[in-house]
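>>> Can you look at this prediction? I've put the sequence above it.
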Amino acid sequence: MLVTSQLVRSVFIAFLVVISWVYLQPAKAMSRIKDLAAVEGVRENQLVGYGLVVGLNGTGDTLANSPFTRQSAQAMLERLGVNVRGINMRTANMAAVIVTANLASFSTQGTRLDVTVSSLGDSKSLQGGTLLVTPLLGADGEVYAVAQGAVAISGFAAQGDAASITRGVPTVGRIANGALIEREIDFQLNRQRALRLSLRNPDFTTARRMAAAINDFIGEATAEPTDPSTVTVQIPKNYRGNMIQLLTEIEQLRVDPDQRARIIIDERSGVIVMGRDVRVSNVAIAQGNLTVTISEQPAVSQPGPFSDGRTVVVPRTGVRVDTGDNARLAIVKEGVTLREVVDGLNALGIGPRDLITILQAIKASGALQADIEVM
(Lines give C-alpha, C1' and ligand atoms only; values in the text may rest on other atoms or scores of the structure.)
Protein backbone atom coordinates (compact mmCIF):
# COMPACT_ATOMS: atom_id res chain seq x y z
CA MET A 1 0.00 0.00 0.00
CA LEU A 2 2.92 2.32 0.77
CA VAL A 3 4.51 1.58 -2.61
CA THR A 4 1.28 2.44 -4.39
CA SER A 5 1.00 5.74 -2.52
CA GLN A 6 4.58 6.70 -3.41
CA LEU A 7 3.98 5.77 -7.04
CA VAL A 8 0.87 7.94 -7.22
CA ARG A 9 2.75 10.83 -5.62
CA SER A 10 5.64 10.49 -8.11
CA VAL A 11 3.24 10.42 -11.07
CA PHE A 12 1.43 13.48 -9.75
CA ILE A 13 4.68 15.42 -9.32
CA ALA A 14 5.81 14.45 -12.81
CA PHE A 15 2.46 15.63 -14.17
CA LEU A 16 2.86 19.01 -12.46
CA VAL A 17 6.37 19.37 -13.86
CA VAL A 18 5.14 18.68 -17.39
CA ILE A 19 2.25 21.11 -17.07
CA SER A 20 4.54 23.81 -15.67
CA TRP A 21 7.04 23.28 -18.50
CA VAL A 22 4.31 23.61 -21.10
CA TYR A 23 2.94 26.82 -19.67
CA LEU A 24 6.37 28.37 -19.20
CA GLN A 25 7.25 27.97 -22.87
CA PRO A 26 7.09 31.20 -24.89
CA ALA A 27 3.85 31.52 -26.83
CA LYS A 28 4.27 31.41 -30.59
CA ALA A 29 2.18 33.56 -32.92
CA MET A 30 0.67 30.74 -34.93
CA SER A 31 -1.29 31.95 -37.93
CA ARG A 32 -3.52 30.16 -40.40
CA ILE A 33 -2.26 29.58 -43.93
CA LYS A 34 -5.48 31.31 -44.99
CA ASP A 35 -4.15 34.53 -43.43
CA LEU A 36 -0.59 34.14 -44.71
CA ALA A 37 -1.09 33.26 -48.37
CA ALA A 38 -3.51 33.63 -51.25
CA VAL A 39 -4.43 31.02 -53.85
CA GLU A 40 -3.14 31.89 -57.30
CA GLY A 41 -6.06 32.65 -59.62
CA VAL A 42 -8.50 33.37 -56.79
CA ARG A 43 -8.46 37.16 -56.74
CA GLU A 44 -10.45 40.28 -57.49
CA ASN A 45 -10.37 42.14 -60.80
CA GLN A 46 -10.61 45.91 -61.14
CA LEU A 47 -13.30 47.45 -63.34
CA VAL A 48 -13.55 51.05 -64.53
CA GLY A 49 -16.02 53.05 -66.59
CA TYR A 50 -16.94 56.59 -67.63
CA GLY A 51 -20.46 57.90 -67.16
CA LEU A 52 -22.77 60.80 -66.39
CA VAL A 53 -24.55 61.72 -63.18
CA VAL A 54 -27.73 63.75 -63.68
CA GLY A 55 -30.28 65.35 -61.38
CA LEU A 56 -27.87 67.57 -59.47
CA ASN A 57 -29.25 70.74 -57.92
CA GLY A 58 -26.99 73.20 -59.75
CA THR A 59 -23.82 71.58 -58.36
CA GLY A 60 -22.73 69.85 -61.56
CA ASP A 61 -19.93 70.58 -64.00
CA THR A 62 -19.56 73.95 -65.67
CA LEU A 63 -19.94 73.01 -69.33
CA ALA A 64 -17.67 75.84 -70.41
CA ASN A 65 -14.83 74.40 -68.32
CA SER A 66 -15.64 70.71 -68.90
CA PRO A 67 -15.87 70.01 -72.65
CA PHE A 68 -15.97 66.24 -72.07
CA THR A 69 -19.20 66.67 -70.07
CA ARG A 70 -20.76 68.61 -72.95
CA GLN A 71 -19.71 66.01 -75.52
CA SER A 72 -21.02 63.16 -73.34
CA ALA A 73 -24.36 64.91 -72.86
CA GLN A 74 -24.71 65.53 -76.59
CA ALA A 75 -23.84 61.92 -77.45
CA MET A 76 -26.29 60.57 -74.86
CA LEU A 77 -29.16 62.76 -76.06
CA GLU A 78 -28.50 61.87 -79.72
CA ARG A 79 -28.71 58.15 -78.85
CA LEU A 80 -32.10 58.94 -77.31
CA GLY A 81 -33.25 60.74 -80.45
CA VAL A 82 -32.66 64.34 -79.34
CA ASN A 83 -30.51 66.55 -81.60
CA VAL A 84 -28.65 69.22 -79.64
CA ARG A 85 -25.86 69.97 -82.12
CA GLY A 86 -25.20 73.73 -82.30
CA ILE A 87 -27.26 74.48 -79.19
CA ASN A 88 -25.57 76.33 -76.35
CA MET A 89 -26.16 74.12 -73.29
CA ARG A 90 -25.90 75.89 -69.93
CA THR A 91 -27.23 73.29 -67.54
CA ALA A 92 -25.35 72.70 -64.28
CA ASN A 93 -27.30 69.63 -63.25
CA MET A 94 -24.98 66.96 -64.67
CA ALA A 95 -21.42 65.83 -64.00
CA ALA A 96 -18.93 63.54 -65.70
CA VAL A 97 -17.74 60.79 -63.37
CA ILE A 98 -15.37 57.82 -63.23
CA VAL A 99 -17.00 54.64 -61.93
CA THR A 100 -14.83 51.96 -60.32
CA ALA A 101 -15.60 48.53 -58.85
CA ASN A 102 -13.91 45.28 -57.82
CA LEU A 103 -15.16 42.11 -59.45
CA ALA A 104 -14.83 39.33 -56.87
CA SER A 105 -13.45 35.95 -57.87
CA PHE A 106 -16.01 33.43 -59.14
CA SER A 107 -18.73 36.10 -59.41
CA THR A 108 -21.63 34.78 -61.46
CA GLN A 109 -23.66 36.48 -64.15
CA GLY A 110 -26.68 38.33 -62.82
CA THR A 111 -25.30 39.10 -59.36
CA ARG A 112 -24.63 42.64 -58.17
CA LEU A 113 -21.65 44.51 -56.77
CA ASP A 114 -20.98 47.92 -55.21
CA VAL A 115 -19.50 50.76 -57.25
CA THR A 116 -17.72 54.01 -56.38
CA VAL A 117 -18.52 57.20 -58.31
CA SER A 118 -15.93 60.01 -58.47
CA SER A 119 -16.36 63.41 -60.11
CA LEU A 120 -14.11 64.12 -63.10
CA GLY A 121 -14.86 67.81 -63.73
CA ASP A 122 -15.43 70.85 -61.52
CA SER A 123 -18.65 69.60 -59.94
CA LYS A 124 -19.18 70.85 -56.39
CA SER A 125 -21.28 67.93 -55.14
CA LEU A 126 -22.88 64.71 -56.36
CA GLN A 127 -25.62 64.81 -53.74
CA GLY A 128 -29.01 63.78 -55.09
CA GLY A 129 -27.60 62.65 -58.43
CA THR A 130 -28.38 59.52 -60.44
CA LEU A 131 -25.80 57.61 -62.44
CA LEU A 132 -26.93 56.70 -65.94
CA VAL A 133 -26.15 53.32 -67.53
CA THR A 134 -22.34 52.97 -67.46
CA PRO A 135 -20.44 49.96 -68.86
CA LEU A 136 -17.59 48.79 -66.61
CA LEU A 137 -14.56 47.44 -68.44
CA GLY A 138 -11.75 45.15 -67.31
CA ALA A 139 -8.07 45.34 -68.18
CA ASP A 140 -8.76 43.38 -71.41
CA GLY A 141 -11.25 46.00 -72.63
CA GLU A 142 -14.28 43.72 -72.26
CA VAL A 143 -17.47 44.82 -70.50
CA TYR A 144 -18.00 42.78 -67.33
CA ALA A 145 -20.71 44.81 -65.58
CA VAL A 146 -23.15 47.67 -66.09
CA ALA A 147 -23.74 50.29 -63.37
CA GLN A 148 -26.71 52.57 -62.73
CA GLY A 149 -28.52 54.01 -59.73
CA ALA A 150 -28.81 56.79 -57.17
CA VAL A 151 -25.52 58.07 -55.75
CA ALA A 152 -25.14 58.21 -51.96
CA ILE A 153 -22.46 60.52 -50.54
CA SER A 154 -21.19 60.85 -46.97
CA GLY A 155 -20.01 64.47 -47.21
CA PHE A 156 -21.79 67.73 -47.85
CA ALA A 157 -21.02 71.29 -48.85
CA ALA A 158 -22.93 74.49 -47.96
CA GLN A 159 -22.10 78.03 -49.00
CA GLY A 160 -23.40 81.49 -48.25
CA ASP A 161 -22.41 85.01 -49.23
CA ALA A 162 -19.63 85.29 -46.67
CA ALA A 163 -18.88 81.77 -45.48
CA SER A 164 -18.88 78.17 -46.64
CA ILE A 165 -18.48 74.79 -44.99
CA THR A 166 -17.48 71.39 -46.38
CA ARG A 167 -17.56 68.09 -44.53
CA GLY A 168 -16.16 64.93 -46.03
CA VAL A 169 -15.81 64.65 -49.81
CA PRO A 170 -19.10 65.52 -51.54
CA THR A 171 -17.68 64.77 -55.00
CA VAL A 172 -17.22 61.03 -54.31
CA GLY A 173 -20.18 58.72 -53.75
CA ARG A 174 -21.14 55.08 -53.66
CA ILE A 175 -23.95 52.98 -55.09
CA ALA A 176 -24.69 49.85 -53.08
CA ASN A 177 -25.41 46.92 -55.42
CA GLY A 178 -25.25 49.46 -58.21
CA ALA A 179 -23.74 47.24 -60.93
CA LEU A 180 -25.08 44.10 -62.57
CA ILE A 181 -22.50 41.51 -63.66
CA GLU A 182 -22.88 40.65 -67.35
CA ARG A 183 -19.80 38.48 -67.95
CA GLU A 184 -18.04 35.85 -65.82
CA ILE A 185 -14.31 35.23 -65.64
CA ASP A 186 -13.59 31.70 -66.84
CA PHE A 187 -11.40 29.92 -64.29
CA GLN A 188 -11.85 26.19 -63.66
CA LEU A 189 -10.39 25.59 -60.22
CA ASN A 190 -11.22 21.88 -60.08
CA ARG A 191 -9.27 21.19 -63.28
CA GLN A 192 -5.97 22.39 -61.82
CA ARG A 193 -3.28 19.74 -61.33
CA ALA A 194 -1.16 21.95 -59.09
CA LEU A 195 -1.98 24.56 -56.49
CA ARG A 196 0.17 27.66 -56.04
CA LEU A 197 0.04 29.57 -52.75
CA SER A 198 1.36 33.15 -52.88
CA LEU A 199 2.68 34.48 -49.57
CA ARG A 200 1.50 37.97 -48.72
CA ASN A 201 4.85 38.66 -46.97
CA PRO A 202 7.52 36.69 -48.88
CA ASP A 203 9.99 34.90 -46.62
CA PHE A 204 12.15 31.78 -47.08
CA THR A 205 11.51 30.41 -43.58
CA THR A 206 7.76 30.97 -43.69
CA ALA A 207 7.51 29.27 -47.11
CA ARG A 208 9.46 26.26 -45.85
CA ARG A 209 7.35 25.97 -42.69
CA MET A 210 4.16 26.24 -44.73
CA ALA A 211 5.26 23.45 -47.08
CA ALA A 212 6.24 21.26 -44.11
CA ALA A 213 2.85 21.76 -42.45
CA ILE A 214 1.02 20.80 -45.67
CA ASN A 215 3.17 17.69 -46.15
CA ASP A 216 2.60 16.60 -42.54
CA PHE A 217 -1.16 16.96 -43.01
CA ILE A 218 -1.38 15.13 -46.35
CA GLY A 219 1.15 12.48 -45.37
CA GLU A 220 3.36 12.76 -48.44
CA ALA A 221 5.76 15.24 -50.01
CA THR A 222 3.32 17.15 -52.21
CA ALA A 223 4.20 20.75 -51.21
CA GLU A 224 7.46 22.45 -52.16
CA PRO A 225 8.57 26.09 -51.71
CA THR A 226 9.72 27.25 -55.14
CA ASP A 227 10.74 30.75 -53.99
CA PRO A 228 10.20 33.01 -50.95
CA SER A 229 6.72 33.99 -52.12
CA THR A 230 5.37 30.76 -53.64
CA VAL A 231 4.57 27.27 -52.35
CA THR A 232 3.54 24.76 -55.02
CA VAL A 233 1.26 21.89 -54.00
CA GLN A 234 0.79 18.91 -56.30
CA ILE A 235 -2.79 17.71 -56.00
CA PRO A 236 -2.95 14.22 -54.40
CA LYS A 237 -4.96 11.57 -56.23
CA ASN A 238 -7.64 11.39 -53.56
CA TYR A 239 -8.28 15.17 -53.88
CA ARG A 240 -8.39 15.46 -57.68
CA GLY A 241 -11.69 16.91 -58.77
CA ASN A 242 -12.35 18.08 -55.21
CA MET A 243 -10.14 21.14 -54.91
CA ILE A 244 -12.53 22.90 -52.54
CA GLN A 245 -12.09 20.25 -49.84
CA LEU A 246 -8.32 20.38 -50.16
CA LEU A 247 -8.26 24.16 -49.90
CA THR A 248 -10.58 24.31 -46.89
CA GLU A 249 -8.37 21.84 -45.04
CA ILE A 250 -5.04 23.41 -46.03
CA GLU A 251 -6.03 26.98 -45.20
CA GLN A 252 -6.86 26.02 -41.61
CA LEU A 253 -3.35 24.67 -40.92
CA ARG A 254 -1.37 26.89 -38.54
CA VAL A 255 2.19 28.05 -39.19
CA ASP A 256 4.56 30.22 -37.15
CA PRO A 257 5.48 32.97 -39.67
CA ASP A 258 8.96 34.43 -39.68
CA GLN A 259 9.95 37.90 -40.77
CA ARG A 260 12.96 40.13 -41.15
CA ALA A 261 13.84 42.60 -38.42
CA ARG A 262 12.28 45.78 -39.71
CA ILE A 263 11.53 49.32 -38.56
CA ILE A 264 8.79 51.27 -40.35
CA ILE A 265 8.95 55.07 -40.07
CA ASP A 266 6.31 57.58 -41.18
CA GLU A 267 8.06 60.95 -41.02
CA ARG A 268 4.89 62.91 -41.74
CA SER A 269 3.02 61.67 -38.66
CA GLY A 270 6.01 60.62 -36.53
CA VAL A 271 4.80 57.02 -36.25
CA ILE A 272 7.46 54.36 -35.63
CA VAL A 273 6.74 50.61 -35.74
CA MET A 274 9.44 48.12 -34.76
CA GLY A 275 9.45 44.35 -35.24
CA ARG A 276 10.09 41.96 -32.39
CA ASP A 277 13.50 40.83 -33.73
CA VAL A 278 15.13 44.27 -33.81
CA ARG A 279 18.53 44.14 -32.08
CA VAL A 280 21.13 46.82 -31.39
CA SER A 281 24.87 46.32 -30.94
CA ASN A 282 26.95 48.14 -28.32
CA VAL A 283 26.49 51.85 -29.03
CA ALA A 284 26.44 55.20 -27.18
CA ILE A 285 23.63 57.68 -27.84
CA ALA A 286 23.50 61.39 -26.97
CA GLN A 287 20.83 63.88 -27.92
CA GLY A 288 20.87 67.63 -27.42
CA ASN A 289 19.76 70.81 -29.18
CA LEU A 290 20.52 74.50 -29.14
CA THR A 291 17.28 76.36 -28.43
CA VAL A 292 16.92 80.15 -28.47
CA THR A 293 13.67 81.50 -27.01
CA ILE A 294 12.67 85.15 -27.52
CA SER A 295 9.60 86.49 -25.72
CA GLU A 296 8.04 89.95 -25.98
CA GLN A 297 6.22 91.38 -22.91
CA PRO A 298 5.67 95.11 -23.55
CA ALA A 299 4.74 97.29 -20.54
CA VAL A 300 2.64 100.47 -20.41
CA SER A 301 4.25 103.52 -18.76
CA GLN A 302 1.81 106.04 -17.29
CA PRO A 303 2.82 109.68 -16.55
CA GLY A 304 2.51 111.06 -13.03
CA PRO A 305 -0.60 112.89 -11.82
CA PHE A 306 -1.01 116.46 -13.14
CA SER A 307 2.14 116.06 -15.24
CA ASP A 308 2.67 117.02 -18.85
CA GLY A 309 3.71 113.51 -19.89
CA ARG A 310 2.22 110.93 -22.27
CA THR A 311 1.30 107.26 -21.94
CA VAL A 312 3.83 105.18 -23.84
CA VAL A 313 4.46 101.50 -24.43
CA VAL A 314 7.86 100.35 -23.23
CA PRO A 315 9.19 97.25 -25.04
CA ARG A 316 10.53 94.40 -22.93
CA THR A 317 12.28 91.51 -24.62
CA GLY A 318 13.44 88.33 -22.92
CA VAL A 319 16.06 86.10 -24.52
CA ARG A 320 16.86 82.62 -23.19
CA VAL A 321 19.43 80.22 -24.69
CA ASP A 322 19.31 76.47 -23.98
CA THR A 323 22.47 74.73 -25.14
CA GLY A 324 21.26 71.28 -24.15
CA ASP A 325 23.62 70.96 -21.20
CA ASN A 326 21.24 68.51 -19.54
CA ALA A 327 21.52 66.03 -22.42
CA ARG A 328 23.01 62.73 -21.31
CA LEU A 329 25.06 60.10 -23.09
CA ALA A 330 23.32 56.73 -22.88
CA ILE A 331 25.07 53.40 -23.41
CA VAL A 332 22.99 50.75 -25.19
CA LYS A 333 24.42 47.30 -24.58
CA GLU A 334 24.90 44.72 -27.29
CA GLY A 335 21.99 42.42 -28.12
CA VAL A 336 19.32 44.38 -26.29
CA THR A 337 15.69 43.74 -27.14
CA LEU A 338 13.12 46.10 -28.59
CA ARG A 339 11.64 46.87 -25.17
CA GLU A 340 15.04 47.79 -23.76
CA VAL A 341 15.82 50.05 -26.71
CA VAL A 342 12.51 51.90 -26.39
CA ASP A 343 12.79 52.21 -22.61
CA GLY A 344 16.32 53.55 -22.87
CA LEU A 345 15.46 56.16 -25.50
CA ASN A 346 12.34 57.23 -23.63
CA ALA A 347 14.44 57.68 -20.48
CA LEU A 348 16.37 60.39 -22.34
CA GLY A 349 13.14 62.28 -22.96
CA ILE A 350 13.39 61.81 -26.72
CA GLY A 351 10.30 62.54 -28.82
CA PRO A 352 9.21 60.67 -31.95
CA ARG A 353 10.86 63.12 -34.34
CA ASP A 354 14.24 62.88 -32.62
CA LEU A 355 13.82 59.12 -32.27
CA ILE A 356 13.54 58.79 -36.05
CA THR A 357 16.84 60.63 -36.52
CA ILE A 358 18.55 58.54 -33.82
CA LEU A 359 17.41 55.26 -35.38
CA GLN A 360 18.66 56.33 -38.77
CA ALA A 361 22.01 57.35 -37.23
CA ILE A 362 22.34 54.00 -35.42
CA LYS A 363 21.59 52.22 -38.71
CA ALA A 364 24.24 54.30 -40.50
CA SER A 365 26.80 53.32 -37.84
CA GLY A 366 26.12 49.64 -38.47
CA ALA A 367 24.92 48.99 -34.92
CA LEU A 368 21.27 48.34 -35.82
CA GLN A 369 20.46 44.84 -37.09
CA ALA A 370 17.24 45.73 -38.86
CA ASP A 371 15.95 47.25 -42.08
CA ILE A 372 14.57 50.78 -41.94
CA GLU A 373 11.74 51.64 -44.33
CA VAL A 374 10.58 55.25 -44.56
CA MET A 375 7.02 55.68 -45.76
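Ah, there it is.
>>> ranges for the helices of the stretch 101-250 of the chain?
204-218, 243-250 (DSSP state H, counting those that start in this stretch).
>>> Who are the contact partners of the residue nearest to Val278 when sequence neighbours are not counted?
Nearest residue to Val278 in three dimensions, chain neighbours excluded: Ala370, at 4.4 Å (CB to CB, 6 or more residues apart in numbering). C-beta: built from backbone N, CA, C; applies to glycine. Going by CB atoms under 8 Å, 6 or more residues apart in numbering, Ala370 touches Arg260, Ala261, Arg262, Ile263, Met274, Gly275, Asp277, Val278, Arg279, Lys363.
>>> so which of the residues you listed comes closest to Val233?
For the contacts of Ala370, the residue nearest Val233 by CB to CB is Arg260; the value is 25.1 Å.
>>> picking up where we left off before, hey, which of the helices of the stretch 101-250 of the chain is tucked in deepest?
Scoring those by mean neighbour count under mean count of other CB atoms under 10 Å gives helix 204-218 as the most buried, with a mean of 18.
>>> Show residues contacting that one.
Contacts for helix 204-218 (CB under 8 Å, 6+ apart): 33, 36-37, 197, 199, 221-225, 227-231, 233, 236, 249-250, 253-259.
>>> So among these, which ones count as buried?
Neighbour-count burial (16 or more other CB atoms under 10 Å) applied to those gives 33, 36-37, 197, 199, 222-223, 225, 229-231, 233, 250, 253, 255, 257.
>>> Go through the contacts of helix 204-218 and flag which are in strands.
Those of the contacts of helix 204-218 mapping onto strands are Ala37, Leu197, Leu199, Ala223, Glu224, Pro225, Asp227, Thr230, Val231, Val233, Arg254, Val255, per DSSP state E.
>>> Need the max-distance pair from those.
So, the ones in strands among the contacts of helix 204-218 by CB to CB: farthest apart are Asp227 and Arg254, at 22.5 Å.
>>> got any ranges where the stretch 101-250 of the chain has weak pLDDT?
Low-confidence segments of the stretch 101-250 of the chain (pLDDT under 70): 155-164, 166-167.
>>> If you could redo that for the stretch 251-375 of the chain, that was the one I meant.
282-298, 300, 306-309, 313, 315-351.
>>> so where do the helices sit in it?
Counting by DSSP H, counting those that start in this stretch, the segments of the stretch 251-375 of the chain that form helices are 338-347, 352-365.
>>> Let me know which of the helices of the stretch 101-250 of the chain is the nearest to Tyr50.
Closest to Tyr50 of the helices of the stretch 101-250 of the chain is helix 243-250 (CB to CB; 37.5 Å).
>>> any idea of the angle the closest one forms with helix 204-218?
Counting by axes from the mean of the first three to the mean of the last three CA atoms, to 10 degrees, helix 243-250 lies at 120 degrees to helix 204-218.
>>> what does helix 243-250 contact?
Contacts of helix 243-250 (CB under 8 Å, 6+ apart): Ile33, Val39, Leu189, Asn190, Gln192, Leu195, Ile214, Phe217, Val233, Ile235, Pro236, Tyr239.
>>> How far does that helix sit from its chain's centre?
29 Å (CA atoms, centre = their mean, to the nearest Å).
>>> got it, and stretch 85-93?
Going by CA atoms, centre = their mean, the spacing between the C-alpha centre of stretch 85-93 and its chain's C-alpha centre is 43 Å.
>>> Buried residues in that stretch, which are they?
So for stretch 85-93, counting by 16+ other CB under 10 Å, buried means Ala92.
>>> Just give me the neighbour total for the closest residue to Leu368 other than its chain neighbours.
Excluding the flanking residues, the one nearest Leu368 by CB to CB, 6+ apart is Ile362, at 4.4 Å. Look at Ile362: counted by other CB atoms under 10 Å, it has 20 neighbours.
>>> Check the spacing between Ile362 and Ser269 real quick.
From Ile362 across to Ser269, the span is 21 Å (CB to CB, to the nearest Å).
>>> what does Ile214 give?
In terms of CB to CB, Ile214 sits 40 Å off from Ser269.
>>> rewinding a little: quick check: the farthest pair among the buried ones among the contacts of helix 204-218?
Farthest apart among those - using CB to CB - are Thr222 and Pro257, which lie 21.0 Å from each other.
>>> List the contacts of the closest residue to Thr171 other than its chain neighbours.
Spatially, and ignoring its direct neighbours in sequence, Thr171 is nearest to Ser119 (3.9 Å; CB to CB, 6+ apart). For Ser119, the contacting residues are Val53, Asp61, Ala95, Ala96, Val97, Leu126, Thr171, Val172, by CB under 8 Å, 6+ apart.
>>> Just to check, Phe187 is in contact with Phe106?
Yes. Between Phe187 and Phe106 there is a contact at 7.4 Å, judged by CB atoms under 8 Å.
>>> hmm, back to that, just send the ones in strands among the contacts of helix 204-218 back as TSV, with distance to Ile87 too.
Formatted as TSV, those follow (distance: CB to CB, whole Å):
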residue	distance to Ile87
Ala37	59
Leu197	60
Leu199	59
Ala223	68
Glu224	68
Pro225	66
Asp227	62
Thr230	60
Val231	63
Val233	64
Arg254	68
Val255	67
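>>> Tell me the one among the residues you listed nearest to Ser154.
Ala37 (34.3 Å).
>>> which residues does the nearest residue to the closest one once chain neighbours are set aside contact?
With sequence-adjacent residues excluded and distances taken as CB to CB, 6+ apart, Ala37 is closest to Leu197, at 4.1 Å. For Leu197, the contact set (CB under 8 Å, 6+ apart) comprises Ile33, Ala37, Ala38, Val39, Glu40, Met210, Thr230, Val231, Thr232, Val233.
>>> how about a cut-off of 7 Å?
Leu197 sits next to Ala37, Val39, Met210, Thr230, Val231, Val233 when contact means CB atoms under 7 Å, 6 or more residues apart in numbering.
>>> Neighbours of Val97, how many?
Using other CB under 10 Å, Val97 has 30 neighbouring residues.
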